[in-house]
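Q: coordinates only, no sequence provided:
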């Protein structure tokens, strides 16, 4: 099995995508790996596995690597003597944030008929935007925390009582997120958030809430990770974030009751199936007074949440063999032929 | 001003997209036009305007035209002496149905930094799927007709009373749509609909309902079309459909009160702004007991609904100069540099 890791992208999370991708070298032990870097200008480069260090990108050395062109069926190295396809069985989308999580990479892979592991187009758009995630969860009967929505041009007024948490709707990794205790802080937090996004959602900031993460996918059957209780600081600093995206060692399963675990898993399955087929996602849940609430969907979790699975690599192989297929549409020009017959001429 | 029309696509509406594109030759009189055909295999071909007849495609003659490759900044003709860019100011997405309306073309144009007229990625996904359109309308305070949602594997039971109308969630142009009067017909209608899609919505089939279409866009200001009262038959046959997609002559404005017109326009604006900036869409409304309901959004209406506008061509020029711009994200590797400093080494 040969997997090509797509990483980088025109995203605020470009750099942590590199960290995630470097980590994959340690995670995949029995898989042929190739690495395709999407620069911030959205050019494709084929990176030799031996060059997969963060410095190769921060120094700009990647610019000397082979440039690729996307064409029907795959990525191609253009040369004087024609073009040569990069060989792999499946692409693994590891671009965090814009491009990777918003549906662009899913669109490109679908359009060019490249088998890929990632949320598909619709799943990407609904999970990348926290407001749309609320719509989705509501329609599936999954509880979410109360929220208000503000657009850039709206009056800056909320009805919720403080403290609240302000989140740009489209970003991950805590970018542009603020906890706010009064009107003045709200105004400042909105200035910050609207630097990054046109829309925010505002939720009550609940302290002491229990948080649990569940990752998983569906291959021939459900493959669910352990439930993790993440160690939270009020804000993630850059070293903590680095730890999260470079993690490759196992963590302990949360100490929770079987019934809570089952409820968390049931909520995960409702969200995942069938919209997220073809992907490995992580859902972050809150538990408040014994009720499970979806906090957010991580459509492309840091380092693919590999550390939550018993045998991540084998699972990815099984997923590669169980990807959803796009419906084949046959175009036979029957309709145009009918029109031409009806009109009695060929125009 | 030079516009490139994108048409075709891997879509059930591939052929009517060709009809729409051929019509554009008559509609644009003072604009330089080029035509880029997306074959059902999703290869790009540059079509000479003189060859823009439906027969050129139904006969397969297009296969001898110049093949194009999408790269950063545009479409390129690859030749022995290097590649040459196809020159245009803006691409106009005229691919109906899959690829064009589902967000793939929007993704490709955004990813490759090509200015384009079309609903953007999120707008495409929310309007292509009739279930998501319901979510969107509800969140914007726009009324829609009551509905039930069934997935392929769900029990085939509805609570609504007959007659009902069954619609695949993802298709346009009445494909797979049935009107159903009892359980037996429902079963057959679902068999038909699930041939095309994994999900359907079911709505009450209301007879004698008034239907009104409003098209428009936002350039420097609102540019709204006349309100049209379409002439409906119970089903559109292929000649009627052809008429709709090849239409280039004006129609009459519906005979309605000013207050109803204003209500329809207000609903249109709620749907359009800001999600659909950069596109010309048509919203189809029902009026039931003086209340306005959104029936559906046509994100890429047949022949761009040109016949509803006083001066369609000039409007498209203004729209081309007022396209929404993607946020620029600067990647400076500051985060990786910090990690490297913190670790005291360059890995």
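A: Cool, the structure landed. For clarity, every value in this text was computed on a predicted model and none was experimentally measured.
Q: can you give me the strands in the stretch 1-150 of chain A?
A: In the stretch 1-150 of chain A, the strands defined using DSSP state E, counting those that start in this stretch lie at A:2-8, A:32-38, A:44-47, A:66-71, A:74-79, A:82-85, A:90-93, A:116-117, A:148-151.
Q: of these, which is nearest residue B:277?
A: For residue B:277, the closest of the strands of the stretch 1-150 of chain A is strand A:148-151, at 12.4 Å, according to Cβ to Cβ. From N, CA and C alone the C-beta is placed, and that goes for glycine too.
Q: what comes up buried for that closest one?
A: Under the neighbour-count criterion of 16 or more other Cβ atoms under 10 Å in any protein chain shown, strand A:148-151 has A:148, A:150 buried.
Q: what does that strand rub up against?
A: Residues outside strand A:148-151 that contact it (Cβ atoms under 8 Å, 6 or more residues apart in numbering or on different chains) are A:131, A:156, A:158-160, A:169, A:190, A:198-202, B:139, B:274.
Q: can you redo the strands of the stretch 1-150 of chain A as TSV with mean pLDDT?
A: Converted to TSV, the strands of the stretch 1-150 of chain A look like this (pLDDT from 0 to 100):
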stretch	mean pLDDT
strand A:2-8	98
strand A:32-38	98
strand A:44-47	98
strand A:66-71	96
strand A:74-79	91
strand A:82-85	89
strand A:90-93	98
strand A:116-117	98
strand A:148-151	93
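Q: make CSV out of these and add distance to residue B:59.
A: Below are these laid out as CSV (distance: least, Cβ to Cβ, whole Å):
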stretch, distance to residue B:59
strand A:2-8, 38
strand A:32-38, 38
strand A:44-47, 36
strand A:66-71, 25
strand A:74-79, 30
strand A:82-85, 29
strand A:90-93, 36
strand A:116-117, 35
strand A:148-151, 50
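Q: residue A:200 pairs with what?
A: Beta-bridge pairing for residue A:200 (DSSP bridges): residue A:150, residue A:168.
Q: residue A:298 too?
A: Counting by DSSP bridges, residue A:298 forms beta bridges with residue A:282.
Q: OK, contacts around it?
A: Here residue A:298 is in contact with A:172, A:281-284, A:305 (Cβ under 8 Å, 6+ apart).
Q: which one of those residues is nearest to chain B?
A: Ranked by distance to chain B (Cβ to the nearest Cβ), the contacts of residue A:298 are led by residue A:172 at 13.3 Å.
Q: and that closest one, what's its pLDDT?
A: pLDDT, residue A:172: 65.
Q: before we move on, back to that, just the buried ones from the contacts of strand A:148-151?
A: Neighbour-count burial (16+ other Cβ under 10 Å) is assigned, among the contacts of strand A:148-151, to A:131, A:158, A:169, A:190, A:198-202.
Q: and the furthest pair within the residues you listed?
A: Using Cβ to Cβ, the two most remote members of the buried ones among the contacts of strand A:148-151 are A:158 and A:198, lying 17.4 Å apart.
Q: below-threshold pLDDT in chain A: ranges please.
A: A:172-173, A:232-242, A:344-347 (pLDDT under 70).
Q: can you show me the helices along it?
A: Here chain A has its helices, by DSSP state H, at A:14-27, A:54-58, A:104-111, A:121-128, A:130-140, A:183-196, A:238-245, A:258-272, A:312-320, A:334-343.
Q: ranking these by burial, who's on top?
A: Of those, the one with the most neighbours on average (mean count of other Cβ atoms under 10 Å in any protein chain shown) is helix A:121-128, at a mean of 27.
Q: sweet, I'm off.
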